[in-house]
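Colleague: The amino acid sequence is not available; the structure is as follows:
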């Protein structure tokens, strides 16, 4: 006897939803059924929004933050931001966390990760070549390393500090240890991030 | 100074994802960013799957289970199911739970809810007229009421039992109430224990 199950399109939807972070098999099923039963108006909106976000949103060639085709980069394109400091972060989402603290109004550079030999991530896998090029072309007076306070983050900070320390007239600093050791930027609240920025410490 | 935020398509995606059941603002943000950074292949698939599920999946006119346009209803369309028993459930998802138990191989009828005066749901808001029509046209010998064991579920069961009791040659039953298999007495509340005692079954 054929077993009774959801229609094929529902099963496909559940299998896709299951792949989302934080969505288990039960949640995926609940979301799919809810969408079909109560969220009819949302399926179209969500479908369209997903397609658009997937197509339109990219990363800025300069800083590495999210950018949408029509809008361009909201940071590199801004005319009212300070041009002497460059803040280096691991992920584009870190930029939003720093912006919400309100303590920094300069430029950003996203590495898209950190040096992590165990995960096979070396300096060449990060946006470091782009950083070098950017520092050659501009006249930044300070580079702030706003990286995670874990082993990989510190290794990355030390690697960058060594590399950038040779450049004359460039101050290299890192965030103070106000952020919790072992955690990423997302675990710190705004005040902690503010303190961490204020207490940044020179490296060499 | 303009504040830095996600590009508009990302913000739209987050606002839609937030409406899903069990997805809060933080999860919505995490899912949206994950999709853009790591799930590029999934945005298209998910978008397509949502659009398809939204358009194609409906409910069977007869039993009320999910049906997809091409497939038809997997229950009413099945040729190998027993035709003498009709099991009445509140939601189409209840059918899958019963099917997984393997204890029933007859036909189903989904009410799409239960009588609940506080929520303004009366008999006419449920698929009861469809049930009456169905019983007139067919020769079922038993109707099993597989409804919730709460006040609204019992009220609905009593309403249906009264209505169907007049029909000659039709047995109306409801699911047994009792302690869950595999659980101790401590997992059952007082009312459940009362019902379990009342419904005790002789052992030889």
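Modeller: It's in. Keep in mind that what you see is a predicted model, and the values were worked out from it rather than measured.

Colleague: And for the longest helix along chain A, what's in contact with it?
Modeller: For chain A, the longest helix by residue count, based on DSSP state H, is helix A:40-56. Taking contacts as Cβ atoms under 8 Å, 6 or more residues apart in numbering or on different chains, the residues outside helix A:40-56 that touch it are A:35-36, A:68-70, B:7, B:9-10, B:12-13, B:16-17, B:19-20, B:32, B:35-36, B:40, B:43-44, B:46-48, B:50-51, B:53-54. Placement of C-beta: from N, CA and C, glycine included.

Colleague: From the residues you listed, keep the buried residues only.
Modeller: With burial judged by 16 or more other Cβ atoms under 10 Å in any protein chain shown, the buried subset of the contacts of helix A:40-56 is A:35-36, A:68, B:7, B:9-10, B:12-13, B:16-17, B:20, B:32, B:35-36, B:43, B:46-48, B:50-51, B:53-54.

Colleague: pLDDT below threshold where in chain A?
Modeller: Low-confidence segments of chain A, defined by pLDDT under 70, span residues A:1-3, A:177-185, A:191, A:195, A:199-204.

Colleague: hmm, 50 instead?
Modeller: Low-confidence segments of chain A, defined by pLDDT under 50, are located at A:1.

Colleague: roughly how far is the host helix or strand of residue A:16 from the heart of the chain?
Modeller: Assigned by DSSP states H and E, residue A:16 belongs to helix A:8-17. Between the centre of helix A:8-17 and the centre of its host chain there is 29 Å, according to Cα atoms, centre = their mean, to the nearest Å.

Colleague: For that helix, name the packing helices and strands.
Modeller: Contacts of helix A:8-17 with other secondary structure elements, assessed using 3 or more Cβ pairs under 8 Å, 6 or more residues apart in numbering or on different chains; DSSP states H and E, are made with helix A:25-37, helix B:40-56, strand B:66-68.

Colleague: how does it look with 10 Å?
Modeller: Helix A:8-17 sits against helix A:25-37, helix B:40-56, strand B:57-59, strand B:66-68, with contacts defined as 3 or more Cβ pairs under 10 Å, 6 or more residues apart in numbering or on different chains; DSSP states H and E.

Colleague: can you list the ones you listed in JSON lines and add distance to residue B:85?
Modeller: Shown next, in JSON lines, are the helices and strands packed on helix A:8-17 (distance: least, Cβ to Cβ, whole Å):
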{"stretch": "helix A:25-37", "distance to residue B:85": "25"}
{"stretch": "helix B:40-56", "distance to residue B:85": "30"}
{"stretch": "strand B:57-59", "distance to residue B:85": "21"}
{"stretch": "strand B:66-68", "distance to residue B:85": "21"}
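
Colleague: Tell me which of those sits nearest to residue B:166.
Modeller: strand B:57-59 (28.3 Å; Cβ to Cβ).

Colleague: Okay, now the sheet partners of that closest one, with direction.
Modeller: Within its sheet, and counting by DSSP bridges, strand B:57-59 is paired with strand B:66-68 (antiparallel).

Colleague: gap between residue A:91 and residue B:141?
Modeller: The spacing between residue A:91 and residue B:141, counted by Cβ to Cβ, to the nearest Å, is 64 Å.

Colleague: Neighbour count: the two, which is higher?
Modeller: Set side by side, residue A:91 and residue B:141 give different neighbour counts by other Cβ atoms under 10 Å in any protein chain shown, the larger being at residue A:91 (21 against 12).

Colleague: ok, for that one, nearest residue in space, not its chain neighbours?
Modeller: Nearest residue to residue A:91, sequence neighbours excluded (Cβ to Cβ, 6 or more residues apart in numbering or on different chains): residue A:110, at 6.6 Å.

Colleague: What are the phi and psi values at the one you found?
Modeller: Summarising the backbone geometry of residue A:110 under the convention degrees, to the nearest 10, its torsions are phi -90, psi 130.

Colleague: Let me see the contact set for it.
Modeller: For residue A:110, the contacting residues are A:59-60, A:62-66, A:75, A:87-95, A:126-127, A:130-131, by Cβ atoms under 10 Å, 6 or more residues apart in numbering or on different chains.

Colleague: Try it again at 6 Å.
Modeller: Neighbour list for residue A:110: A:64, A:89, A:92 [criterion: Cβ atoms under 6 Å, 6 or more residues apart in numbering or on different chains].

Colleague: give me the beta-bridge partners of it?
Modeller: In this entry, residue A:110 is beta-bridged to residue A:89, by DSSP bridges.

Colleague: To what extent is the closest residue to residue A:85 other than its chain neighbours buried, counted in neighbours?
Modeller: Closest residue in space to residue A:85, ignoring its immediate chain neighbours: residue A:106 at 3.4 Å, by Cβ to Cβ, 6+ apart. Residues within reach of residue A:106, counting by other Cβ under 10 Å, total 17.

Colleague: same thing with residue A:186?
Modeller: Neighbours of residue A:186 using other Cβ under 10 Å come to 13.

Colleague: Nearest residue to it in space, ignoring adjacent ones along the chain?
Modeller: By the measure of Cβ to Cβ, 6+ apart, the closest residue to residue A:186 outside its immediate chain neighbours is residue A:97, 6.6 Å from it.

Colleague: Spell out the secondary structure type for the one you found.
Modeller: Judged by DSSP: H, G, I helix; E, B strand; the rest coil, the three-state class of residue A:97 is helix.

Colleague: Against chain B, how distant is residue A:94?
Modeller: Distance from residue A:94 to chain B, counting by Cβ to the nearest Cβ, to the nearest Å: 11 Å.

Colleague: An error on my part: the question was meant for residue A:160.
Modeller: In this structure, residue A:160 and chain B are 22 Å apart, going by Cβ to the nearest Cβ.

Colleague: Please give me every residue in contact with that residue.
Modeller: If a contact means Cβ under 6 Å, 6+ apart, then residue A:160 has residue A:145 as its contacts.

Colleague: if we go to 7 Å?
Modeller: Residue A:160 makes contact with A:88, A:145, according to Cβ atoms under 7 Å, 6 or more residues apart in numbering or on different chains.

Colleague: And residue A:29, by the same measure?
Modeller: Contacts here follow Cβ under 7 Å, 6+ apart; on that basis residue A:29 touches residue A:14.
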